[in-house]
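Colleague: Give the three-dimensional model of this entry:
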Amino acid sequence: MPLNQPLQRFKAEFFKALAHPVRVTILELLRQGELTVGDLQERLAIDPSSVSQQLAVLRSRNIVEGRRAGSNVFYSVRDAAVFDLLISPHDL
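Modeller: I've put the predicted structure just below:
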């Protein structure tokens, strides 16, 4: 089987996007619903630019999407199937 098949490349890029603990935590927080950068920054206790940087990676892989409402952008996970990969301790 050739190594550079589109599905294998997609999977590799997807898992690279999950390779940072902050990005995984963002997805876990978004499991409860939409949040803004400010919401995420407060819950993660990191600076807004770091949150934005991590969201940019997740957006570039089409894992999260933003919805503008006034001056806020609310982020959510594009496909809830992502949560099947992120087993949380309370799910066990």
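Colleague: CA only for contacts and neighbour counts going forward, please
Modeller: Will do.
Colleague: ok now the least confident helix or strand in the chain by mean pLDDT, how far from the chain's centre?
Modeller: Every helix and strand of the chain was ranked by mean pLDDT, DSSP states H and E. The lowest is helix 82-85, at a mean of 80. Distance of helix 82-85 from its chain centroid, counting by Cα atoms, centre = their mean, to the nearest Å, is 11 Å.
Colleague: which residues are contacting it?
Modeller: With contacts defined as Cα atoms under 8 Å, 6 or more residues apart in numbering, helix 82-85 is touched by 27-28, 31, 63.
Colleague: Just give the number of residues close to residue 36.
Modeller: Residue 36 is flanked by 19 other residues according to other Cα atoms under 10 Å.
Colleague: Thought residue 72 was touching it, still the case?
Modeller: Yes. Using Cα atoms under 8 Å, residue 36 is in contact with residue 72, at 6.7 Å.
Colleague: if you average pLDDT over the helix or strand harbouring residue 40, what comes out?
Modeller: According to DSSP states H and E, residue 40 maps onto helix 37-44. For helix 37-44, mean pLDDT rounds to 96.
Colleague: and the helix or strand following it, how far from the chain's centre?
Modeller: Sequence-wise, the next helix or strand downstream of helix 37-44 (DSSP H and E) is helix 48-60. Relative to its chain's centre, helix 48-60 lies at 8 Å (Cα atoms, centre = their mean).
Colleague: Give me the buried stretch members for helix 48-60, please.
Modeller: 48, 51-52, 54-55, 57-59 (16 or more other Cα atoms under 10 Å).
Colleague: what's downstream of it, the next helix or strand?
Modeller: Once helix 48-60 ends, the next helix or strand along the chain (criterion: DSSP H and E) is strand 64-69.
Colleague: between that following strand and helix 48-60, how big is the angle?
Modeller: Angle, strand 64-69 to helix 48-60, by axes from the mean of the first three to the mean of the last three Cα atoms, to 10 degrees: 110 degrees.
Colleague: Please consider this matter closed, and thank you.
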